[in-house]
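J.: Give me a model of this one.
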Amino acid sequence: MSEIQVMEVKSGKELMEFIRFPMELYKNNKNYVPSLIQGERETWDPRENPALAYCKAKQFLARKDGKTVGRIAVIINGKEKEELGISKVRFGWIDFIDDLNVSRALLEKAEEFAKANGISKIEGPMGFTNLDKAGTLTMGFDKMATMIGIYNHDYYPLHFEKLGLTREKEWVEYEIVFPEVLPEKVVKFNELIKEKYQLRVMKFRSKKEFLPLVDPMFKLLDQTYSTLSTYTPLTPEQVQSYKDKYFSLLDKDFIICIADKDDKLIAFAVTMPSYSEALQKANGQLLPFGWWHFLQAGKKNERANFYLIGIHPDYQKRGVTSIIFKEIYDIFKRKGVKYLETNPELADNKAIQLLWQDYNPVNHKRRATFSKLV
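T.: Got it, this is the predicted structure:
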């Protein structure tokens, strides 16, 4: 049996090997969607990723017979430990060939990292924070991935279970086919809620006009999720990082903002045209021609993805989601969008899932993190 060697990533060349490995592993898979290489490089650059200021992280590559056969990153989120008292090693960026010895060797590195830091639990796949990609796919391997969802082979969860890990958190994702006409009860309820709480939908003539609302949106995001036991507020540096990373992709027409009678933002939702096919065609590179595929995807696309939603605690459970979805419907109707795919939602987050209840949602993907005490 060939020996498996697991080495820590130390050089720029090894980092590129780490980044490119899944592109090689999935090169013949029509459902895999590669990340942008530049974005992945910035993830591991302290000058670009504010989370590295309070996170301890390492990356590893697994080799067999001189060939790269797997990768893994291990992370300790210092804020999570200090503010929430949660002590665990997050593992992520984990990919491997269908060889249990390879996945075992990678996860052993996570266990070693945990023990060396006096931590008794590992969990993953996860990123640096709870806004990063998380959860290995457990259903929906035959569906195309999205820009914010991890894609993996069907043997991944089987390996985790064989190696003694158990499911920790589970997420569901839905696909919705938009009806030609909205049910009358949805339209009436939407108007009733707006009138009852004196709410209005904000309109923007340009992206520049929308810019002043970005910071209030992130504040609202913190307020929306502050009740979750695993959520840590975003730092100003992280907010700026997300703005720099994603603002250029935002289309003002795909953003819904709702204000109260005093013009204060009380809810928002961010959707985008699906960039999955554009990312596949770009193959990790915006230059020389990758940008063109993104431009085309933004102009004409029958698929869209739901990314973020924020609702002030005072307006949660008051039907505000009906206004949001009515606006999404109207926008998509104008844009020729027929299909919406939701972002991963915690399986027990029934409040968010109620958003789709009138639109015959189909649960087409599931994912989970796996954990182990060490």
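J.: Give me the distance between the closest residue to Ile97 other than its chain neighbours and Asn349.
T.: Leaving aside its sequence neighbours, Ile97 sits nearest to Val69 (CB to CB, 6 or more residues apart in numbering; 4.8 Å). For glycine as for every other residue, the C-beta is placed from the backbone atoms N, C-alpha and C. Distance of Val69 to Asn349, given as CB to CB, to the nearest Å: 36 Å.
J.: Helices along the stretch 51-200 of the chain, start to end?
T.: Here the stretch 51-200 of the chain has its helices, by DSSP state H, counting those that start in this stretch, at 78-84, 100-116, 155-162, 184-197.
J.: what residues does the last one touch?
T.: Counting by CB atoms under 8 Å, 6 or more residues apart in numbering, the neighbours of helix 184-197 from elsewhere in the structure are 199-201, 260, 315, 318-320, 322-323, 325-326, 358.
J.: Provide the partner residues of Gly70 in its beta bridges.
T.: Beta bridges link Gly70 to Ala62, Phe96, judged by DSSP bridges.
J.: and it, how many residues sit next to it?
T.: Using other CB atoms under 10 Å, Gly70 has 24 other residues around it.
J.: so how far is Leu100 from Val374?
T.: Look at Val374 and Leu100: by CB to CB, they are 18 Å apart.
J.: Comparing these two, which shows the higher neighbour count?
T.: Between Val374 and Leu100, counting by other CB under 10 Å, Val374 is the more crowded of the two (17 against 13).
J.: what residues are up against that one?
T.: Remark: with contacts taken as CB under 8 Å, 6+ apart, Val374 is in contact with 111, 114-115, 119-122.
J.: With distance to Gly92 and neighbour count as new columns, can those residues be given to me in JSON lines?
T.: As requested, those are exported to JSON lines (distance: CB to CB, whole Å; neighbours: other CB atoms under 10 Å):
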{"residue": "Glu111", "distance to Gly92": "15", "neighbour count": "19"}
{"residue": "Ala114", "distance to Gly92": "14", "neighbour count": "23"}
{"residue": "Lys115", "distance to Gly92": "19", "neighbour count": "13"}
{"residue": "Ile119", "distance to Gly92": "16", "neighbour count": "16"}
{"residue": "Ser120", "distance to Gly92": "19", "neighbour count": "13"}
{"residue": "Lys121", "distance to Gly92": "15", "neighbour count": "16"}
{"residue": "Ile122", "distance to Gly92": "11", "neighbour count": "24"}
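J.: quick one, strands of this structure?
T.: For the chain, the strands defined by DSSP state E cover 4-8, 55-64, 67-77, 89-96, 121-124, 136-139, 166-177, 200-201, 255-259, 265-273, 303-311, 339-341, 345-346, 362-373.
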